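Enquirer: would you be able to build a 3D model of this:
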Amino acid sequence: AWRSSVSPWRTWWPRPALCWPEAPKDSLITQAGPIDWAGFFVTMSYRFPHIIIIGAGRSGTTSLQSLLNSDPSVIIRGENNNFFYETWRAYRSLKKINNGKSKSNPWYGFEHFDAGTYLENIQTLSRSFLTGDYQDQAIKVLGFKEICLFNLFNSQGPSSLKQSLLLANRSPEEELKDFVHYMEQLFPGLKVVFLRRNPTQISRSGWRKDRSRYNPEILVADLKRFHKACKKLSKSIEGVCINHRILRSKNPTTLHELLYKPLDLPFNKHRSLKTLEEELTHSKWHHLSIPNQEIKKNPASRSEAGT
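Expert: Sure, this is the predicted structure:
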């Protein structure tokens, strides 16, 4: 209680109580208690308007995409046949200085191929492609996931990417870094999520266990290099680098602290766990099997081999 300093009778009045409403089951909550829940709307404000997920195929990128999309204000699109990487290659070609004023010059007119104009138009086009049939004003966070960037490191992947790197005398690490910096130009306020998973588990999952295409030892080595590059890049750009294990654990505290909090997204415990419980059926590869000798070498990863 508190005492009125105005009244001559020194009347005592009860101090107003601070009442925190009980959070309903489907509310925006954290694990820390009602005070954090009450202040939640101040700290979680969809600060990053763009989010990109980068990971190798079979590392849980679709699960993460589904999890973030459980928020009706967030739209994370799926794969796009590496469309944005191709726009990066085009943008890079426009940055080269090869101008010629003379009509007989081999580069005659190239000065009109303006990189800034291209970037502005790609920004508009990208927004239109990613928004799709959603109303733009209803979206607070827009983005996509990309698994094709691992092919920069995949020595058993498409030959076209490896050849372009050799011709440009560039390493996969340099190419990945420059592409992400281009994404930061294309999508202001970008937050990149790098998703990693045990390389041996990836090599035994889905199409990766096709031994007519992949030597598992080479694949594991390439994945380790890719993950190392992602971790280093994530630190330099203040990205979010998480392991596939936190999705499988379905631990609300871990999900909130390691994913939602760094992304400045509201965390809905009930909705998030419900999404993670849903089985994804986009790629079943029961016709492929892992050789017994591989399972005997590393039985610990057997339980996740088909995920």
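Enquirer: for this structure, which segments count as helices?
Expert: For the chain, the helices defined by DSSP state H occupy 34-38, 40-43, 61-69, 83-94, 115-131, 159-168, 172-186, 199-203, 216-237, 245-249, 252-255, 261-263, 269-277, 292-297.
Enquirer: average pLDDT for the fifth one?
Expert: Looking at helix 115-131 alone, the average pLDDT works out to 96.
Enquirer: now the fourth one
Expert: Mean per-residue pLDDT for helix 83-94: 95.
Enquirer: tell me what that helix is packed against?
Expert: helix 115-131, strand 141-146, helix 172-186 (3 or more Cβ pairs under 8 Å, 6 or more residues apart in numbering; DSSP states H and E). The C-beta positions use only the backbone N, C-alpha and C, and glycine is treated the same way.
Enquirer: off-centre distance for the shortest one?
Expert: Averaging C-alpha positions (Cα atoms, centre = their mean, to the nearest Å) puts strand 141-146 7 Å from its chain's average.
Enquirer: ok, now stretch 211-229?
Expert: 21 Å.
Enquirer: with stretch 153-169 instead?
Expert: On Cα atoms, centre = their mean, the centre of stretch 153-169 falls 23 Å from that of its chain.
Enquirer: what sits opposite the closest residue to Lys235 other than its chain neighbours in the beta ladder?
Expert: Once flanking residues are discounted, Lys235 sits nearest to Cys241: 7.7 Å by Cβ to Cβ, 6 or more residues apart in numbering. Taking DSSP bridges as the rule, Cys241 bridges to Phe194.
Enquirer: who touches Cys241 in this structure?
Expert: Val193, Phe194, Arg196, Cys230, Lys231, Ser234, Lys235 (Cβ atoms under 8 Å, 6 or more residues apart in numbering).
Enquirer: quick one on the thing from earlier: would CSV of the helices of the chain with mean neighbour count be doable?
Expert: Below are the helices of the chain laid out as CSV (neighbours: other Cβ atoms under 10 Å):
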stretch, mean neighbour count
helix 34-38, 14
helix 40-43, 12
helix 61-69, 20
helix 83-94, 16
helix 115-131, 14
helix 159-168, 12
helix 172-186, 18
helix 199-203, 24
helix 216-237, 18
helix 245-249, 16
helix 252-255, 17
helix 261-263, 17
helix 269-277, 15
helix 292-297, 11
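Enquirer: out of those helices, which is closest to Tyr108?
Expert: Distance to Tyr108, taken as Cβ to Cβ, is lowest for helix 83-94 among the helices of the chain, at 15.9 Å.
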